[in-house]
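Student: Predicted model follows, preceded by the sequence.
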Protein chains: 2
Amino acid sequence: MEYAVRGPIVARATELEKELANGANKPFTSVMKANIGDCHATGQTPITFIRQVLSVCAYPEMLETCNFPQDVKDRAKRLLGGCKGGSIGSYSASPGIDVIREDIAKYISERDGTPSKPEDIMLCTGASDGIKTILAMLMTGKLGKERAGILIPVPQYPLYSATLTEFNAYPIPYYLDEENHWGLDVKELKRALNEAKPNCVPRAICVINPGNPTGQVLTRQNIEDVIKFAKQEKLMVLADEVYQHNIWGEGCKFFSFKKVLSEMGPDYNTMELASFMSASKGFMGECGSRGGYAEIVNLLPDVKACLMKSISAKLCPPIVGQIVMDCITNPPKPGDPSYELFKKEKDNVLALLKKKAGMVTSLFNSIEGIKCNEVQGAMYAFPQIFLPQGAVEEANKRNQTPDAFYCFQLLETTGICVVPGSGFRQKEGTYHFRITILPKIEEMTDALERFKEFHLAFLARFKN
Amino acid sequence: MEYAVRGPIVARATELEKELANGANKPFTSVMKANIGDCHATGQTPITFIRQVLSVCAYPEMLETCNFPQDVKDRAKRLLGGCKGGSIGSYSASPGIDVIREDIAKYISERDGTPSKPEDIMLCTGASDGIKTILAMLMTGKLGKERAGILIPVPQYPLYSATLTEFNAYPIPYYLDEENHWGLDVKELKRALNEAKPNCVPRAICVINPGNPTGQVLTRQNIEDVIKFAKQEKLMVLADEVYQHNIWGEGCKFFSFKKVLSEMGPDYNTMELASFMSASKGFMGECGSRGGYAEIVNLLPDVKACLMKSISAKLCPPIVGQIVMDCITNPPKPGDPSYELFKKEKDNVLALLKKKAGMVTSLFNSIEGIKCNEVQGAMYAFPQIFLPQGAVEEANKRNQTPDAFYCFQLLETTGICVVPGSGFRQKEGTYHFRITILPKIEEMTDALERFKEFHLAFLARFKN
């Protein structure tokens, strides 16, 4: 099992931070961790409304003793009313607190213009937990030709490959088309599936939209094509839609798989689908709360009953993560005392991310030996690096993949920590890295300068 | 997979609550959920210090704007200093926040009088998550005779059987001795192990101390015997010690397996051991925070590296659960502004629980057809009920186990929700139920009266 975004390069970055703190002499003064979508760690500030609600829920005496906006107090009271004994210290039902499931269903209904039901909502311990739970449900428990096969994109977020390894499932990698904005081509899905069929029982297709690490935003047409393919092949659709608030590209729009499938009519709107959302990304970035939800539709009643039983052994997702999820899906409305500040903070975070998405794309494309698709959505750029043969040979000598060699050199020279593309898988013979667009804009501007310098020197070093 | 403490009887209890709310006419006016150790749900009040620290950590502006004791502010600052970007919204390292791991190691060192190291501490999403993680580590991934075998007590907390089923491991049940205060007899351990040896590779022994659902507290001698047995059989010891603060029996004392093993000298102090602790029980009862830790000692470095990698895919445990764990293991000290209130609240919770533990034991033993060992520790009584043959036959007719039949009848007649002993496993032909000692004392007194009336009527109904 490999989990690149927390892999050896991150361990080395942490060591370097300690060395710097102990006064070591390095060609840089601080380490920039651009390896993981950890928003607050890199300076993004929390949304006041969310934190005020949390603060009151944790210590309800504050309703009397401290000065908070009325809508914060009302929300806290409503949520505490949904907690047993009025305390966030109680377990909730395993799929989450009822009023929060209702708020989430309402959010989805309004987002999609198509109804969502509270009983289809399952709160979870971050989206990762939801994804693992649904993958576990799809396992056949069998080996050989009867192993469960799951289509996953390449490049992909390593949670998928790690979880499939853990469950002894059969990963069916399909390649995203780098030449075409990391698009998802149904011909490629068919190729991947047909090659895998003799070795497994295909059960589901995972799609990450907006893409991680690839940053593309699927068009509605593309989503329809995937749904038709899944229908034809009797696959459940697992839609990782945790970046639904993070849309940057001109003309790009987020369509949920649920919306598209619902609007495709009776042939499609009874298909099994799970869509995943997180409290950790978007404009809120509350990773530490471990909040998330899955909307799961059209399961057979027996299967759903089994799923509910399987989550009961986990007792319940953290209440604080559930509360964060509620504040995100049911934010202050125009006229509410917290609305103006909430809107300002949200818009500000999203505007800065959009600016950095553009900045990163154009900087990378201005450098020799790098090509980067537009960051249309999510929080990452995934540029391709064209490495000289000398560098590839040097990497081989060191028993490193060429992209890992490059990234370690980058780290040691500039203090910039990014994740080698091999951690996400990539087309044979191509090399990439993933960099987040989260660090502060001044820090990023400065880091990208150091990056450029390093890159050109690296090319020069191995060119002759 | 079965998970009794959230099983069908609990679903029925929830239905009954809704029926009552809709004005249904029942022989009771409210449902008493005594099925799960959910402290705050049944009226226990949170510890102020913990909640104030949480409140400030969630919204650090409160350091300036609201009036909190200085030690609360200092603690919040220290913990936020351990969070990346000073925010509880960041991911922590997968094994937890460094300063919290240090505080926990210090707590254990002081508790045991034997050193504990921060690098041996792994925070987790409730103790359940820690237990599952360590069990997963012990799996061989093999079937047949090479399946991993794990010794678990009977009666046991259903997390163990459910997890072993999920991992396809081989459970090796050993029976606790009801006639001897649910004691743990090494002869019985040997019997269980020898019977299982042809079918699996024994890897570990799980011990729950204080016992759940059985409420016994192991003596030091008993613990030594278990350790010697584990040493001889090359088993890792998994010590579920989440009720370490919940000791009620006269002359009973909590000894951690870590302490005893460390003090048994060089033959034993290098044995592999994991001890689990939770934020959900004790005097704090912060179930909803999903906090817990495992102390894991003497793993081979390669095994430990693998374990650390496996937890990295879960990103990190909820930060709020980690903070709760810190407040519990590093509480206010004499002289600190919060000390007096903290001590008063803690003592009060524990005194009430102790009183109820005694109350329950003596009430049960005063009733014909019931026998209940002393509740020496933890939060449950597990009385044996002697059912007339007529009741057993009636249960068979209804396709229920006799104890489930009894518990459902109890629920429908009195509104008291307890868990049938079969959910925890029990010796063939014996019947029990588990009842928590958590409901408010007035409520319990009243409920135990209704219980007695029900029980005697039940006996009378089936006696002829």
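Tutor: Cool, the structure landed.
Student: how about low-confidence regions in the stretch 201-350 of chain A?
Tutor: For the stretch 201-350 of chain A, no stretch is flagged by pLDDT under 70.
Student: go again using 90 as the cut-off
Tutor: A:305-306, A:308-315 (pLDDT under 90).
Student: which residues of it fall in helices?
Tutor: Counting by DSSP state H, counting those that start in this stretch, residue ranges of the helices within the stretch 201-350 of chain A are A:220-232, A:257-263, A:301-312, A:319-329, A:339-365.
Student: okay if I get those as a markdown table plus distance to B:Glu233 and mean neighbour count?
Tutor: Bear in mind the C-beta positions are built from the backbone N, C-alpha and C, glycine included. Compiled in a markdown table, these are given as follows (distance: least, Cβ to Cβ, whole Å; neighbours: other Cβ atoms under 10 Å in any protein chain shown):
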| stretch | distance to B:Glu233 | mean neighbour count |
| --- | --- | --- |
| helix A:220-232 | 50 | 18 |
| helix A:257-263 | 52 | 22 |
| helix A:301-312 | 32 | 16 |
| helix A:319-329 | 41 | 29 |
| helix A:339-365 | 56 | 17 |
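Student: Format those helices as JSON lines; extra columns: distance to B:Pro317.
Tutor: Converted to JSON lines, the helices of the stretch 201-350 of chain A look like this (distance: least, Cβ to Cβ, whole Å):
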{"stretch": "helix A:220-232", "distance to B:Pro317": "34"}
{"stretch": "helix A:257-263", "distance to B:Pro317": "30"}
{"stretch": "helix A:301-312", "distance to B:Pro317": "18"}
{"stretch": "helix A:319-329", "distance to B:Pro317": "11"}
{"stretch": "helix A:339-365", "distance to B:Pro317": "25"}
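Student: Export these to JSON lines and append columns for distance to chain B.
Tutor: Conversion of the helices of the stretch 201-350 of chain A to JSON lines gives the following (distance: least, Cβ to the nearest Cβ, whole Å):
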{"stretch": "helix A:220-232", "distance to chain B": "26"}
{"stretch": "helix A:257-263", "distance to chain B": "24"}
{"stretch": "helix A:301-312", "distance to chain B": "4"}
{"stretch": "helix A:319-329", "distance to chain B": "4"}
{"stretch": "helix A:339-365", "distance to chain B": "12"}
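Student: Can you pull up the residues of the stretch 151-300 of chain A that come close to chain B?
Tutor: Contact residues (Cβ under 8 Å from any Cβ of the partner chain) of the stretch 151-300 of chain A with chain B: A:158-159, A:162-163, A:166, A:168, A:284-290.
Student: if we can go back for a sec, which one of the helices of the stretch 201-350 of chain A lies nearest to A:Glu15?
Tutor: The closest approach between A:Glu15 and any of the helices of the stretch 201-350 of chain A, judged by Cβ to Cβ, belongs to helix A:339-365 at 26.2 Å.
Student: who does the helix or strand just after that closest one touch, helix- and strand-wise?
Tutor: Counting by DSSP states H and E, the next helix or strand C-terminal to helix A:339-365 is strand A:370-371. Contacting strand A:370-371 under the criterion 3 or more Cβ pairs under 8 Å, 6 or more residues apart in numbering or on different chains; DSSP states H and E are the following elements: helix A:339-365, strand A:384-385.
Student: So what touches the shortest one?
Tutor: What that stands for is strand A:384-385. Counting by Cβ atoms under 8 Å, 6 or more residues apart in numbering or on different chains, strand A:384-385 makes contact with A:178, A:369-372, A:403, A:406, A:421, A:430-433, A:455, all of which sit outside it.
Student: And the residues you listed, which is the shakiest by pLDDT?
Tutor: For the contacts of strand A:384-385, the model is least confident at A:Gly369; its pLDDT is 91.
Student: May I have the predicted confidence score for A:Asn464?
Tutor: The confidence metric pLDDT takes the value 66 at A:Asn464.
Student: Now the spatially most central residue of chain A. Nearest residue, chain neighbours left out?
Tutor: By Cα atoms, centre = their mean, chain A has its centre lying nearest to A:Val242, at 5.1 Å. In space, not counting the residues next to it along the chain, A:Val242 is nearest to A:Ser278; the distance is 4.0 Å by Cβ to Cβ, 6 or more residues apart in numbering or on different chains.
Student: do A:Gly141 as well
Tutor: Leaving aside its sequence neighbours, A:Gly141 sits nearest to B:Asn168 (Cβ to Cβ, 6+ apart; 7.9 Å).
Student: Now the terminal residues of stretch A:163-171, how far apart.
Tutor: 10 Å (Cα to Cα, to the nearest Å).
Student: Among the residues of the stretch 151-300 of chain A next to chain B, give me the pair with the biggest separation.
Tutor: A:Asn168 and A:Met284 (35.2 Å).
Student: between those two, which one's more packed in?
Tutor: When A:Asn168 and A:Met284 are compared on other Cβ atoms under 10 Å in any protein chain shown, the one with more neighbours turns out to be A:Met284, at 29 against 13.
Student: Does the more buried one touch A:Ile50 like I think?
Tutor: Yes. Using Cβ atoms under 8 Å, A:Met284 and A:Ile50 qualify as a contacting pair, with a distance of 6.1 Å.
Student: what about the closest residue to A:Gly321 other than its chain neighbours, neighbour count?
Tutor: Using Cβ to Cβ, 6+ apart and skipping the chain neighbours, the partner closest in space to A:Gly321 is A:Gly291 (2.9 Å). Taking other Cβ under 10 Å as the criterion, the count of residues near A:Gly291 is 33.
Student: Then A:Cys287?
Tutor: When neighbours are counted by other Cβ under 10 Å, A:Cys287 registers 29.
Student: wait, what's in contact with it?
Tutor: Per Cβ under 8 Å, 6+ apart, neighbours of A:Cys287: A:37-41, A:126, A:279-280, B:89-91, B:315-316.
Student: Now with 6 Å, please.
Tutor: Applying Cβ atoms under 6 Å, 6 or more residues apart in numbering or on different chains, we find A:Cys287 in contact with A:38, A:280, B:91.
Student: And A:Ala274, by the same measure?
Tutor: The neighbours of A:Ala274, taking Cβ under 6 Å, 6+ apart as the test, are A:134, A:238, A:294, A:296.
Student: for A:Gly96, same thing?
Tutor: When the contact criterion is Cβ under 6 Å, 6+ apart, the partners of A:Gly96 are A:123, A:322.
Student: tell me the SS of it?
Tutor: Secondary structure of A:Gly96, reduced to three states by DSSP: H, G, I helix; E, B strand; the rest coil: coil.
Student: How is chain A partitioned into domains?
Tutor: In the domain annotation for chain A, the residue ranges read A:4-44+A:343-463, A:81-329 (automatic domain parsing).
Student: Just give me the neighbour total for A:Pro27.
Tutor: The local packing of A:Pro27 (other Cβ under 10 Å) involves 10 other residues.
Student: nearest spatial neighbour of it, skipping sequence neighbours?
Tutor: Of all residues beyond its chain neighbours, the one nearest A:Pro27 is A:Thr413 (6.0 Å), with distances taken as Cβ to Cβ, 6+ apart.
Student: In whichever helix or strand the one you found is part of, which residues are buried?
Tutor: The secondary structure element spanning A:Thr413 is helix A:402-414 (assigned by DSSP H and E). Within helix A:402-414, the residues scored as buried using 16 or more other Cβ atoms under 10 Å in any protein chain shown are A:402-411, A:413-414.
Student: which residues sit against that helix?
Tutor: Counting by Cβ under 6 Å, 6+ apart, A:9, A:28, A:387, A:392, A:395, A:416-418, A:420-422, A:431, A:433, A:450, A:454 sit against helix A:402-414.
Student: Fine, thanks again, bye for now.
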